[in-house]
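A.B. asks: Sequence first, predicted coordinates after that:
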Amino acid sequence: MDLQKRTAEPLAEPPAPPSSSGDRAAEGCLVVAIRLPVRIVVLVLVVPVRMAWDLLVVAGRLLRDTVLRPFGRALLWLGKALFVLPLIGLWRYVLAPVGRALVWLGRVLLVVPALWLYGYVLTPLGQGFAWLARAAGTGLGWVYARVLTPVGHALGWLARGLAAVLSVVGVGSCTAVAWLLRYLVVVPARWLHTWVLAPVGRALAWCALGVGRLLALLVSGVWAVLYWTARILVVLPAVALWRWVLAPVGRFLAVVAREVGDALGHAWRIAGRLSLTVGRFLGTLLRWIFVEPVRWAYRTVLTPVGHVVRDAVLRPAGRAARSVGRTARQALAAARETARQARADVRRLLFGQPRRPAGIGRREPSTGEARTLGSSTTALTKD
């Protein structure tokens, strides 16, 4: 028994992943010669298309956010106001009550009379018809068992007796007829089958088999001739054309299409970066030409002017307006009070002094009276 430890076998290194550099090195000179001009031409053609595409995307987003979305919301609100709400009102306040009324009328006019007719008219009639059918079936069964069955038995007995009499009388005549049929029909038919029909049938079968073999031989020969003719004239030229012309041309076109596709992808990505750079440059230019001057003018010119106008004009005007309003309110209040006093004076002159209500005695002492120990100030201790 081997007690020594076996040395560990060196682990097999995993296969290196395929690298693009290896693929590039494995490509032929034709692919490398095609790639650079194709990518240059495709980049020149794709950059304007990508920039136009990005411009259309920006314009479409702006149109969607500023025109189409508000217009769609307005159309949605208009459709809801013109169609949904009227339909809901029509269903809720017209169709549903009318449907409930029709269901109630149908129940009252159709279902209840139908149930009454079924329960009190059709059911008794059906039960009466069923009883009559059972009674008729019982009567027919009695007629079959008591009348027809004995008559049938009697007729069968008579038929059996008549058959026995006829069989006893006609035995000799049947034997003669059978002998005549055998020697006049059966024996000639058997001889004709054995010595005429069977040999003729075998001869015809042998002739048909020979003709079939001859036809098969002719068909196989014609098929072989046509096969080799088609193979030489059609198949071999087609194979040669595919192998030596179409396959190389197809490989070349596949390489060109693959390179064009890769070039389109690279050109599209590069054009996207160029378009992004141009868009950022235009945005920065627009910002420094329009936005920043407007912001500077707002911060340095309009804001101080607005503050000056607010502090010098608007606030004093507001205070003056508030003071004028306050004075006007006080004048109106004084005029209302004067008018009220004048109405009260006119009422006193015309109708006299109004009668004052009689005073009500209080249980509690008035505030003017001083409380002493001898005076009662509560309801329980009051004198």
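C.D. replies: That came in fine, so what should we check first?

A.B. asks: chain center to the helix or strand where residue 344 lies: distance?
C.D. replies: Using DSSP states H and E, residue 344 maps to helix 315-351. Here helix 315-351 is found 73 Å from its chain centre; the criterion is CA atoms, centre = their mean, to the nearest Å.

A.B. asks: again, but for stretch 221-234
C.D. replies: 58 Å.

A.B. asks: again with stretch 68-85
C.D. replies: Using CA atoms, centre = their mean, the offset of stretch 68-85 from its chain centre is 23 Å.

A.B. asks: With stretch 141-161 instead?
C.D. replies: For stretch 141-161, the distance to the chain centre is 76 Å (CA atoms, centre = their mean).

A.B. asks: and if you look at stretch 189-204?
C.D. replies: 78 Å.

A.B. asks: One more: stretch 283-293?
C.D. replies: 48 Å.

A.B. asks: How many residues are close by residue 260?
C.D. replies: By other CB atoms under 10 Å, the residues close to residue 260 number 17. Every C-beta, even on glycine, is put in place using the N, C-alpha and C of the backbone.

A.B. asks: Quickly find the element holding it.
C.D. replies: Here residue 260 is assigned to helix 247-286, by DSSP H and E.

A.B. asks: tell me the mean pLDDT for the helix or strand just after that helix?
C.D. replies: As assigned by DSSP H and E, the chain's next helix or strand after helix 247-286 is helix 292-297. In this model, helix 292-297 has an average pLDDT of 90.

A.B. asks: send the alpha carbons of helix 292-297 over as CSV?
C.D. replies: Provided in CSV are the C-alpha atoms of helix 292-297 (Å, rounded to 0.1, in the frame of the first residue of the first chain):
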residue,chain,number,x,y,z
GLU,A,292,-25.6,86.8,-18.2
PRO,A,293,-26.2,90.3,-19.5
VAL,A,294,-29.8,90.1,-18.6
ARG,A,295,-28.9,88.8,-15.1
TRP,A,296,-26.3,91.5,-14.7
ALA,A,297,-28.7,94.2,-15.8
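
A.B. asks: Could you shift the numbering so residue one becomes 56, and keep it that way?
C.D. replies: I'll keep to 56 as the first residue from here, and by that count the last item is helix 347-352.

A.B. asks: Run the chain-centre distance for the next helix or strand after that helix.
C.D. replies: Next helix or strand after helix 347-352 toward the C-terminus (DSSP H and E): helix 358-364. Relative to its chain's centre, helix 358-364 lies at 61 Å (CA atoms, centre = their mean).

A.B. asks: What's the mean pLDDT across helix 358-364?
C.D. replies: For helix 358-364, the mean pLDDT works out to 89.

A.B. asks: May I have that helix as CSV, with CA atoms only?
C.D. replies: Extracted C-alpha coordinates of helix 358-364, given in CSV (Å, rounded to 0.1, in the frame of the first residue of the first chain):
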residue,chain,number,x,y,z
THR,A,358,-33.0,95.8,-8.6
PRO,A,359,-31.5,99.1,-7.2
VAL,A,360,-33.9,101.1,-9.3
GLY,A,361,-36.8,98.9,-8.1
HIS,A,362,-35.6,99.4,-4.5
VAL,A,363,-35.3,103.2,-5.0
VAL,A,364,-38.8,103.3,-6.6
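
A.B. asks: What residues sit buried inside that helix?
C.D. replies: Buried residues in helix 358-364, counted by 16 or more other CB atoms under 10 Å: none are found.
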